Each structure stands twice: as C-alpha cells, then as structure tokens.
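> Generate a structure from the sequence data that follows.
(chains A and B)
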Number of protein chains: 2
Amino acid sequence: MQIVVLAGGVGGSKFVQGVRRAYPAAEITVVVNTADDITLHGLRICPDLDTVMYTLGGGGDDGRGWGRLEESWRVLAELGAYGVEPSWFSIGDLDLGTHLVRTQMLSAGYPLSAVTEALCARWLAADPQLHLVPMSDDRVETHVVIAAPEEPSGRRAVHFQEYWVRLHAVPDALEVVRVGIEDARPAPAVLTALAAADLVLVAPSNPVVSIGPILAVPGLRDALRASPAPVVGFAGILGGAPVLGMAHRLLPAIGVAVDAAAVGRHYGARAADGVLDLWVLDQRDADSAGSVAAAGLGVAVTDLVMRDADATAAFVRFAVDAGDAATAPARRG
Amino acid sequence: MQIVVLAGGVGGSKFVQGVRRAYPAAEITVVVNTADDITLHGLRICPDLDTVMYTLGGGGDDGRGWGRLEESWRVLAELGAYGVEPSWFSIGDLDLGTHLVRTQMLSAGYPLSAVTEALCARWLAADPQLHLVPMSDDRVETHVVIAAPEEPSGRRAVHFQEYWVRLHAVPDALEVVRVGIEDARPAPAVLTALAAADLVLVAPSNPVVSIGPILAVPGLRDALRASPAPVVGFAGILGGAPVLGMAHRLLPAIGVAVDAAAVGRHYGARAADGVLDLWVLDQRDADSAGSVAAAGLGVAVTDLVMRDADATAAFVRFAVDAGDAATAPARRG
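Numbers count the residues shown, from 1 in each chain, chains lettered A, B, ... in the order given. As a prediction, this is how the structure comes out:
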C-alpha cells in the first residue's frame, strides 16, 4: 500500500506518526511544506522538513514541539555577542549541524529533495518505507502583510517566521504572499508518489501556510486531482480553534472562516474543482457536516484529538474506512 | 609610536602580548598570515587571525594553544553523525560563531580586512590601539606536496591544515605551494601601516607557512623594504628546533637549514635585497651570530623563550634598543 501525506511541521509530524501506527507495512511518502523556509546567517533552514524528520527519527523535542532533544544554544549566543541580527530566531547547536550540511549540499548543486534524502538516511534508517519529500526543489517563501501605521502605505510585509516567531502572530494579517510560487515546480518525487498512491491524506496542518503552499505549487494540485487514490483531509480546527499554531490569525487573510467546515469547503470536492473526496471533522463540529456535504464532499465525524499515535491511528483508520465505504459504489459504477 | 608586527598564530599571539607589555602606549598593527585559511563545511576559517584575536582578547585557550576557552564540540559531532567529511579539523561551537559571521560578511561582499575589524570590535574593545589586519584580502592557501608512493607521480598535494592537523607533519614535505599568491595584493591597511611605522617586528613565527606567505604577497616585501622603520626579526628556532609547530619539517622543502642563523640569512639584510635590519638569536645559538653578521645583518643575542608576557617584553625591548644602537650611527650619517 502506498500512502501520500501532505503535511506541515509540528501537527504534520504527529499525524504521520499516527499514520505509520495505522499502516505499519505501508510505503509512506510525506510531502512537506517548504514555504516556511528561511535563510539566516547564510544557512538554509527548512523548519517543517526538520521538525518532521527529527520527530519521526526520534530526535525531536516533543515537549517544545520543535527542534532537537537535549539542544543547546552556544553558537547562537556567540552570534549575539557579535551583535548579529536577527536574534529572534533560535537555532540550536544540534539543529545547526543539519543546516550546515543542507546549505553545503545545496550550494554544491544538489536539489533540496536529494539533500532531504541524504539527511533522512541518518534519521529514518529504521523505517526505510518512510520518505520525506519537499513539496518543491524551488525556493518559495511565505510573507505576511501586516498593518504598519508607521509606513506610508500603512502595510508592511514580513517573512512568515518573523510573523510567527518574533511577532507571535499578534498583528492582523492583511494578506499572505508566497514569494516564488509562480516559478516553482513540484519535486519530481511528489508527482511520482501521487501517481502511484493508493491513499492520499491531507494532514490537519495549517491550511494557509502549510497545506496552502503545497497545493499552490503549479502542477501539484492537478497531480493531486488526477491521482487514482482517494483523498482524505483532516480538520485542524476543532471546535472553532486550531489545535496548534496560528491558523485562526491567518485564515481571515485568505477570506476563510475559522471553522472546520469552512476549511473543508475551501479545499473543495474533487468533483467540483477541489482536491478532497472526504473531509473529516471533529465530533465538536458535527453540526456543520451538512454544509460540507452540500459542497459535494464526503464527510466523516470522529474524535480528532491527537493524544498519542494510537489515538491518531484510530481516527485515520476510521476515516479511511469511511471513505472506502462512501466511494466504493462510485468505483464499482 | 607606531609598531607593525608580522605574525602567524600561536607564537605570534604570545609575541604580540609581549610587544604590548613592552610598549603600553604604542599603536600596534599586527599583520597576520592568512595562508593557513581554509573553507570547510561552507565556512571560511582563518586560524591565525582567530588565534591572535581570541588570545589578545582574552578568550583564547592558552593551554590548548588554539581555539576558545570553555569550548564544546556539539555541532562537529552532528556533522560526524551525518557522515560529513572532513572530520579531522575540529571546529568548536564557540569558534563556529566567528566563522558564521565571517562567512556571511564575506559573501555579502566585505573584504576580509573589514570583516576582521568587525570581529575585533568585540574582542579588542579594551585595546583600541591594537589592530589586526590580514596580510591580504585575497584568498591564498598553502598546500604542501608530500611523497605519495601510491600516486603515479609519487607526489600528492594536501592543504597545509591537512598536513599539520590530520597528518601531524609526518610525511616529508617536498614542496610548499602558495595557491593564489601571484594574484594577491596586500590589504590596504598593511601598506598604510608599513609606510607610517616607527618600528617593524617580525615575530618568531614559522618562516615557511606564517612569515613566508606574508612576505610573498606581491608588493608587501617591497613595502616592508621601503618602510622608514627599522625591521627587527626574532628567531623561532632555538637551539636547532622550533619552540612551537613544525617549521623543522618544512624548512628543508624550501632549502633552508633548521637553524636560527640560516633562517635569518634566508630573510636577509635590507642592505642586500632582504627584509631585516636586525636578527635576534637565542643565547643557545650565539655561536652562529658570525654567519648572520657576515650576511650584512645586525645581530643581537638574548633569551628568546616566551615564558610569559614579561619575558617576551624584556627581549623585545632589549632587541629594539640593540637595533637602535646599531643603526643610529648609520642614520646620523
């Protein structure tokens, strides 16, 4: 069985742990958002790829939610002692090793997908059926336009990392801009995996800055729509609020309500120019299932809290079975 | 009083500490060898500049002789865990901060002398009359040709750092090659300092891989010869062996005996196309003073062991006074 998961960082990692638990023998390709990426101090940093890699490799700090276990910050303190900015983005010493290797390989001409494979050779050696693939080998960076009364235009664009890490998503987001997205192409392995997939899962990651950029890579959405596999999406908004992160601060900027059903309708049904066959809601949001169904989407309702890998595995299996039941007649027809 | 010191790393640092002790009010410009420099893991590393900077700034590990006090090696261990080579060059976490800042500034277009000044703003703030200047803003790297029976040519070239750090200077050095030296120019501040100097001191650093490259930068030797200041050189070979380092393994490759007097004659007298006015020998080498004088050089003999800054200050003052006495009649003439 070949499974493709579209995922961001922290939530995506937990989700994939559940998928692996649910399907121990499957070949899983995780298509990871890279629009969070940033270059700082000359180092190319891919926060989502690294979070997924460390977490699935057992080296992530699950308590903190990002970065490495037993991390230290000595290099960062040195940069501070030299007065080097920015100081708001914390790069740990262990994490820095990854960035050095990546930066060096990229500057030697390797595409990001090859770099990711090389890094994962260390972290995912115990699970050779699990592959991480960046959504694109091309550079895409999400910038957030915020209100800035001090500017003549009243607006200012900041890198997503600055919006989230430095500004804590406090300023209202007026617009989300994906720099470089028009010229990006899906990483070749993404297209291969989607074409060969038996099942595609959209993780409950941020619809604006994690799943959004993946679907916005030209050609990727079409490849997803053309995939022979059922596409099942999972809400990350539970009871009107995101479980993790700042989706509630960004959804308004793209005109989508902070509401699980609204996100499902935003992704849309494959039968109606969208990408999903089935949208899975948390039980707290059962009341809105009708509006999802009205948009042509299959709907399943369950407990979507990712308490641990077993809980996540249970809701993934439940949803996939529900999707099979819903789509089986159509397939036979 | 304006003093220029030509220096390498470890010995050069100790020497400059003595010079500062001897002349507390002088403006001291240290022209530092950069032919040891190397790029590893995408980072530009300047071992001699850093050793001098850390040592004079009070952050050097004097016991180890290089690198930072209270250093750790976590990033390096990560690179090793990824299987990244080379693993024989130890970059500490604190030291890495310096390399990151330098690499970033160089790639932004700043010349190495401006980068060095920026780094020294942190380290030498307590001594604003002390300046470190790289011999050149251009890239020069010393390679050592060693015997390699496994090669068809029987020879192989390795970077000086590999010769010294990985191979511990064990293989015979057949030749010393300074890659890039023909196209290098002295850093502008070197020429300014030499033209304005009241005193030029050549540290007891390695004649082949520290002082040699400095003098080999096209135009620098001429600027030194044209300097209005007396030029006083100090032997780093004491009693037939170097106090520090591997000069005894490299001098044969340039046809110079491992002997203090031979090194003095190799530098030569300004009056005879060389660079020195006075050559200072350790008392153990007093017997060879005649051969130095015969080459047209002034000679002074004293205790050259750099036990501490006071001892070094004492022999520097002694030598400079001896040089003044020797050259005063000529000046009057």
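
> What average pLDDT does stretch A:205-215 get?
What stretch A:205-215 shows for mean pLDDT is 98.

> Show residues contacting that stretch.
Applying CB atoms under 8 Å, 6 or more residues apart in numbering or on different chains, the set of residues contacting stretch A:205-215 from outside is A:6-9, A:11-12, A:15, A:31, A:33-36, A:48, A:135, A:140, A:142, A:160, A:176, A:178, A:181, A:202-203, A:220-221, A:224, A:236, A:242, A:245-247, A:250-251, A:253-254, A:256, A:263, A:266-267, A:275. Bear in mind the C-beta positions are built from the backbone N, C-alpha and C, glycine included.

> Quick one, which of the residues you listed are buried?
Listed as buried from the contacts of stretch A:205-215 are A:6-9, A:11-12, A:15, A:31, A:33-36, A:48, A:135, A:140, A:142, A:160, A:176, A:178, A:181, A:202-203, A:220-221, A:224, A:236, A:242, A:245-247, A:250-251, A:253, A:256, A:263, A:266-267, A:275; burial here means 16 or more other CB atoms under 10 Å in any protein chain shown.

> For the longest helix seen in chain A, list every residue counted as buried.
Determined from DSSP state H, the single longest helix within chain A is helix A:309-332. Buried residues in helix A:309-332, counted by 16+ other CB under 10 Å: A:309, A:311-320, A:322-323, A:326.

> in the stretch 101-250 of chain A, which segments are predicted with low confidence?
Along the stretch 101-250 of chain A, no part satisfies pLDDT under 70.

> what does it have sitting close to chain B?
Residues of the stretch 101-250 of chain A that fall close to chain B, judged by CB under 8 Å from any CB of the partner chain: A:101, A:103-104, A:107, A:118-119, A:122.

> Can you flag which of these belong to strands?
Within these, no residue falls in strands by DSSP state E.

> can you tell me which of the residues you listed are in helices?
Of those, the ones assigned to helices by DSSP H are A:101, A:103-104, A:107, A:118-119, A:122.

> The residues you listed: which two are farthest apart?
Farthest pair in those (CB to CB) is A:S107 and A:R122. Separation: 19.9 Å.

> more crowded one of these two?
The residue with more neighbours, out of A:S107 and A:R122, is A:R122; 16 against 11, by other CB atoms under 10 Å in any protein chain shown.

> which among the ones in helices among the residues of the stretch 101-250 of chain A next to chain B end up buried?
Listed as buried from those are A:101, A:103-104, A:118-119, A:122; burial here means 16+ other CB under 10 Å.

> Return the residues in contact with A:H159.
A:38, A:141-144.

> Can you lay out those residues as JSON lines showing secondary structure?
Converted to JSON lines, the contacts of A:H159 look like this (DSSP: H, G, I helix; E, B strand; the rest coil):
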{"residue": "A:I38", "secondary structure": "strand"}
{"residue": "A:E141", "secondary structure": "strand"}
{"residue": "A:T142", "secondary structure": "strand"}
{"residue": "A:H143", "secondary structure": "strand"}
{"residue": "A:V144", "secondary structure": "strand"}
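
> Show me where chain A has its strands.
Using DSSP E, the strands of chain A run over A:2-7, A:27-32, A:38-40, A:43-45, A:130-134, A:141-147, A:155-159, A:173-179, A:199-202, A:231-234, A:237-238, A:241-242, A:278-282, A:298-302.

> In CSV, list those along with distance to B:W66.
CSV is the format used below for those (distance: least, CB to CB, whole Å):
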stretch, distance to B:W66
strand A:2-7, 45
strand A:27-32, 40
strand A:38-40, 28
strand A:43-45, 25
strand A:130-134, 39
strand A:141-147, 39
strand A:155-159, 38
strand A:173-179, 43
strand A:199-202, 52
strand A:231-234, 54
strand A:237-238, 55
strand A:241-242, 50
strand A:278-282, 58
strand A:298-302, 61
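
> excluding its backbone neighbours, what's nearest A:T29?
A:A193 (4.0 Å; CB to CB, 6 or more residues apart in numbering or on different chains).

> Please disregard the earlier target; I meant A:V133.
Per CB to CB, 6+ apart, closest to A:V133 is A:A189, 4.5 Å.

> In contact with the one you found, which residues?
A:29, A:113, A:131, A:133.

> Return the backbone torsion pair for the residue lying closest to A:W164 once chain neighbours are set aside.
Excluding its sequence neighbours, the residue lying closest to A:W164 (CB to CB, 6+ apart) is A:M246, at 6.1 Å. When read as degrees, to the nearest 10, the backbone of A:M246 gives phi -130, psi 30.

> Which residues are in contact with A:A253?
A:144-145, A:173-176, A:208.

> Next one: it from A:Y82, what distance?
Distance from A:A253 to A:Y82, counting by CB to CB, to the nearest Å: 36 Å.

> quick one: the residue nearest to A:T29 and A:V4 touch, right?
Yes. Contact criterion CB atoms under 8 Å: A:A193 and A:V4 qualify, at 4.9 Å.

> and for these two, which residues touch both?
Residues touching both A:A193 and A:V4 (CB under 8 Å, 6+ apart): A:29, A:31.

> OK, contacts around the nearest residue to A:Y110 once chain neighbours are set aside?
In this structure, A:Y110 finds its nearest non-sequential neighbour in A:A118, 7.6 Å apart by CB to CB, 6+ apart. A:A118 makes contacts with A:101, A:105, A:110, B:82, as judged by CB under 8 Å, 6+ apart.

> Now do A:A118 against B:W88, distance only.
A:A118 is 21 Å from B:W88, where distance means CB to CB.

> A:L250 too?
48 Å.

> A:L297 too?
Here the criterion is CB to CB. By it, A:L297 lies 59 Å from B:W88.

> Which single residue in the stretch 101-250 of chain A comes nearest to chain B?
A:Q104 (4.4 Å; CB to the nearest CB).

> What's the local residue count around the nearest residue to that residue once chain neighbours are set aside?
In this structure, A:Q104 finds its nearest non-sequential neighbour in B:G42, 4.4 Å apart by CB to CB, 6+ apart. Neighbour count of B:G42, defined by other CB under 10 Å: 20.

> B:G42 is in contact with B:T103, isn't it?
Yes. Assessed by CB under 8 Å, B:G42 is found in contact with B:T103 at 6.9 Å.

> could you say what helices and strands the longest helix of chain A packs with?
On a contact count with 3 or more CB pairs under 8 Å, 6 or more residues apart in numbering or on different chains; DSSP states H and E, helix A:309-332 meets helix A:10-22, strand A:199-202, strand A:231-234, strand A:278-282, strand A:298-302.

> And the contacts of it?
Helix A:309-332 is contacted by residues A:14-15, A:17-22, A:199, A:201, A:230, A:232, A:234, A:277-278, A:280, A:298, A:300, A:302-306 when judged by CB under 8 Å, 6+ apart.

> Just the buried ones from these?
Neighbour counting by 16+ other CB under 10 Å classes A:14-15, A:17-22, A:199, A:201, A:230, A:232, A:234, A:277-278, A:280, A:298, A:300, A:302, A:304, A:306 among the contacts of helix A:309-332 as buried.

> residue contacts, the nearest residue to A:D303 once chain neighbours are set aside?
Nearest non-adjacent residue to A:D303, counting by CB to CB, 6+ apart: A:Q283, 5.7 Å away. Neighbour list for A:Q283: A:301-304 [criterion: CB under 8 Å, 6+ apart].
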